[in-house]
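**Q** Predicted model, plus sequence, below.
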Amino acid sequence: EAFPGLRSSFSILSKAAYMVELTEILFPWELPDPGIYEILVQGLRLLDKGKMPDLIPQAFEFIAMSHGGFKINLEKCCKCGRTYAGEGAAVFKPDKGAIACMKCSQVTAVSPRLSPESVRFIKMLYTESFSGLEKSTIDEKILSEIRPVLKLHREYHLGREPKTACYL
């Protein structure tokens, strides 16, 4: 596929390049994974069509990181073990790759807050991949909450920032 829509603007092309670079970091040539190829192609198709261009790279990152073994544990508090029922805010803990309840942890620059809506959105990406995006409505609040989570999660597990991240 030529994906002509990816070349429609520098912004769209940068997002596609970021997705490709992240794929190369998570799945080097020595460790091929056919499943990630399909995930990447799905994301590139959505970008090519101009659908949700600001959301696709973030959604891809959650899906790819999960596929690479870096799925965020959203099921229970990483400190007390209490099951997260989807009520009330949670705090993301990058060193644990999990969330903590507000009783066990405080919101800081390195432990950002996640609303129940953001947690549900991430869970939906993990279970439905890109197909869930077209059925859901994502507001700016969710995007603003997941951006720092992704950055911290990526930096902690990958140890570096992709070169193309500066263009996002």
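**A** Cool, the structure landed. For clarity, every value in this text was computed on a predicted model and none was experimentally measured. Numbering: from 1, shown residues only.

**Q** which residues in the protein form helices?
**A** Along the chain, the segments classed as helices by DSSP state H run 10-26, 34-48, 56-67, 116-128, 140-158.

**Q** Which stretch among those is buried most, on average?
**A** For the helices of the chain, the stretch with the most neighbours on average is helix 56-67, a mean of 22; neighbours defined as mean count of other Cβ atoms under 10 Å. Using the backbone N, CA and C atoms, a C-beta is placed for each residue, glycine as well.

**Q** which secondary structure elements does that one contact?
**A** In terms of contacts (3 or more Cβ pairs under 8 Å, 6 or more residues apart in numbering; DSSP states H and E), helix 56-67 is packed against helix 10-26, helix 34-48, helix 116-128, helix 140-158.

**Q** Centre of the chain to stretch 82-97, how far?
**A** Mean-position distance between stretch 82-97 and its chain equals 16 Å (Cα atoms, centre = their mean, to the nearest Å).

**Q** do the same with stretch 9-23
**A** For stretch 9-23, the gap between its own C-alpha mean and the chain's C-alpha mean amounts to 14 Å (Cα atoms, centre = their mean).

**Q** The residue most central in space within the chain: what's its closest spatial neighbour, skipping adjacent residues?
**A** Taking Cα atoms, centre = their mean as the criterion, Phe62 is the residue nearest the geometric centre of the chain, at 2.6 Å. Spatially, and ignoring its direct neighbours in sequence, Phe62 is nearest to Leu125 (4.7 Å; Cβ to Cβ, 6 or more residues apart in numbering).

**Q** For the protein, give me the ranges with low pLDDT.
**A** For the chain, not a single residue meets the criterion pLDDT under 70.

**Q** roughly how far apart are Glu145 and Trp29?
**A** Counting by Cβ to Cβ, to the nearest Å, the separation of Glu145 from Trp29 is 34 Å.

**Q** again, but for Phe10
**A** Distance check for Phe10 against Trp29: by Cβ to Cβ, it reads 27 Å.

**Q** Stretch 103-120: which residues count as buried?
**A** 104-105, 111-114, 118-119 (16 or more other Cβ atoms under 10 Å).

**Q** Just the residues contacting that stretch, thanks.
**A** Outside stretch 103-120, the residues that touch it by Cβ atoms under 8 Å, 6 or more residues apart in numbering are 74, 77, 79-80, 84, 86-94, 99-100, 122, 141-142, 145-146, 148-149, 152.

**Q** start to end distance for it?
**A** End-to-end distance for stretch 103-120, by Cα to Cα, to the nearest Å: 20 Å.

**Q** Report the distance from that stretch to the chain centre.
**A** Stretch 103-120 has its C-alpha centroid displaced from the chain centroid by 15 Å (Cα atoms, centre = their mean).
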